[in-house]
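In: How does the following fold in three dimensions:
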Amino acid sequence: MKKIIPYILLSLFTFTFFSCEKVIDVDLNDEQPKLVVDAVIKWQKGTTGESQTIKLTKTSNFYNNEVPPASGATVTITNSINTVFNFIEDGNTGNYICNNFVPAINESYTLHITFEGQTYTATDKLYATPPILYTQQTNVPPIGGGEEIVQVKFFFQDNGLEDNFYLVGVQNPNYVTPDYGVINDEFFQGNVMFGFYANDNLKPGQNLKLYLQGVSNPYYNYMNKLITISGTNNGNPFATPPATLRGNIINQSNPDDYPLGYFSLGETDTRDYIIQ
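Out: Numbers count the residues shown, from 1 in each chain. Sure thing, here's the model as predicted:
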């Protein structure tokens with residue numbers, strides 16, 4: 001059992017038929033591939049934040065399990081005083097890297113992508129993030145048998161002078177991808193807040209990686225929806241979602257052909273916690 005607010009429980013039912021089998025070919029229409037933009041700029045506390053990566057891929061048809069990279073794009077980010085940061089592709093991987101980025105709290109940045117004759121732009125500012133202050137663990141006896149449920153909270157101080165929105169995450173060593181959730185300070189303005197994680201597949205000595213990032217209200221809403229529809233990916237919103245969700249990136253060449261993904265910037269704080 002695992003939980004990070006909010007969560008979805010899904011069930012899979014498998015039916016086996018022992019009668020005669022017939023192969024049915026379903027003809028699925030292939031849509032024009034869309035550009036997928038993973039442009040979340042994260043400034044880890046205590047670092048310069050100068051090394052940043054933007055990943056570009058393309059959507060593929062239903063039967064293709066591979067994610068094709070969007071290679072050959074031109075990618076830049078510009079700040080409010082028109083300083084241009086160039087992101088150069090690493091080979092043909094679709095990973096575009098900048099090693100001289102300059103992050104600044106509350107600074108406004110504009111993303112600019114040119115790919116296959118189309119121009120894409122988005123603007124956001126870099127949000128501050130409070131430090132993780134301390135952690136707290138509670139072990140809950142299972143109901144009806146099973147493993148003990150480990151509950152972990154990580155606390156931080158909200159800024160009472162403004163409305164704040166947060167992305168929280170936990171990397172469980174037993175799973176490949178982190179679990180994410182979003183919270184806001186609507187009912188906790190200026191108070192100590194916490195991220196919460198519960199799981200019955202944790203043992204003493206294992207390490208949890210706790211993650212906190214301040215985000216914008218629109219990105220909070222976007223991630224809230226994305227986490228909900230990505231329940232089939234075990235809460236990983238950065239896997240291919242089962243539904244199309246529009247972000248803040250605009251196709252200036254053809255607004256109706258919008259890309260998938262989001263451009264966001266935020267300071268981040270992480271903490272390693274050893275299960276007791």
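In: Any idea how far apart the tips of stretch 38-57 sit?
Out: Start to finish, the residues bounding stretch 38-57 are 8 Å apart (C-alpha to C-alpha, to the nearest Å).
In: actually stretch 153-170, sorry about that
Out: Stretch 153-170 has an end-to-end distance of 11 Å (criterion: C-alpha to C-alpha).
In: what's the offset of it from the middle of its chain?
Out: Stretch 153-170 sits 16 Å away from the centroid of its parent chain (C-alpha atoms, centre = their mean, to the nearest Å).
In: for stretch 89-109, same thing?
Out: Relative to the mean C-alpha coordinate of its chain, stretch 89-109 is positioned 17 Å out (C-alpha atoms, centre = their mean).
In: Just the mean pLDDT for it, thanks.
Out: Along stretch 89-109, the predicted local confidence has a mean pLDDT of 98.
In: pLDDT wise, what is the closest residue in space to Asp163 that isn't next to it in sequence at?
Out: Of all residues not flanking Asp163 in the chain, Asp185 sits nearest, at 6.6 Å (C-beta to C-beta, 6 or more residues apart in numbering). Every residue, glycine included, has its C-beta placed from N, CA and C. Asp185 is assigned a predicted lDDT (pLDDT) of 96.
In: give the contact list for Asp185.
Out: Asp158, Asp163, Asn164, Phe165, Asn191, Met193 (C-beta atoms under 8 Å, 6 or more residues apart in numbering).
In: Which of these fall within helices?
Out: In this view, the contacts of Asp185 have no member that belongs to helices under DSSP state H.
In: Can you report phi and psi for the residue nearest to Gly146 when sequence neighbours are not counted?
Out: In this structure, Gly146 finds its nearest non-sequential neighbour in Asp200, 6.2 Å apart by C-beta to C-beta, 6+ apart. Backbone geometry at Asp200, expressed as degrees, to the nearest 10, gives phi -100, psi 20.
In: and the gap between Asp200 and Gly145?
Out: Here Asp200 is placed at a distance of 11 Å from Gly145 (C-beta to C-beta, to the nearest Å).
In: isn't Leu126 right up against Phe101?
Out: No. In this structure Leu126 lies outside contact range of Phe101 using C-beta atoms under 8 Å: 10.5 Å.
In: list the residues that contact both of those two?
Out: Ile41.
In: hmm, back to that, show me which of Asp200 and Gly145 is the more surrounded one.
Out: Of the pair Asp200 and Gly145, Asp200 is the one with more neighbours under other C-beta atoms under 10 Å, namely 14 against 5.
In: Next one: the more buried one relative to Ile143, how far apart?
Out: When distances are taken as C-beta to C-beta, Asp200 and Ile143 turn out to be 11 Å apart.
In: now the helices for the protein?
Out: Ranges of helices in the chain, per DSSP H, are 217-229.
In: Name the spans of it whose pLDDT lies under the cut-off.
Out: Scanning the chain for pLDDT under 70 picks out the ranges 1-31, 61-65, 231-243.
In: Excluding residues flanking it in the chain, which one is nearest Asn191?
Out: The nearest residue in space to Asn191 (C-beta to C-beta, 6+ apart) is Asp158, at 5.9 Å.
In: contacting residues around the one you found?
Out: Contact analysis of Asp158 by C-beta under 8 Å, 6+ apart lists Pro130, Asn164, Asp185, Phe188, Gln189, Gly190, Asn191, Val192, Met193.
In: Surely Ile54 and Asn86 touch.
Out: No. Shown here, Ile54 and Asn86 do not form a contact pair, counting by C-beta under 8 Å, at 11.1 Å.
In: tell me the contacts of Leu260?
Out: Counting by C-beta under 8 Å, 6+ apart, the residues that Leu260 touches are Lys34, Leu35, Val36, Val37, Thr59, Thr244, Leu245, Arg246, Gly247.
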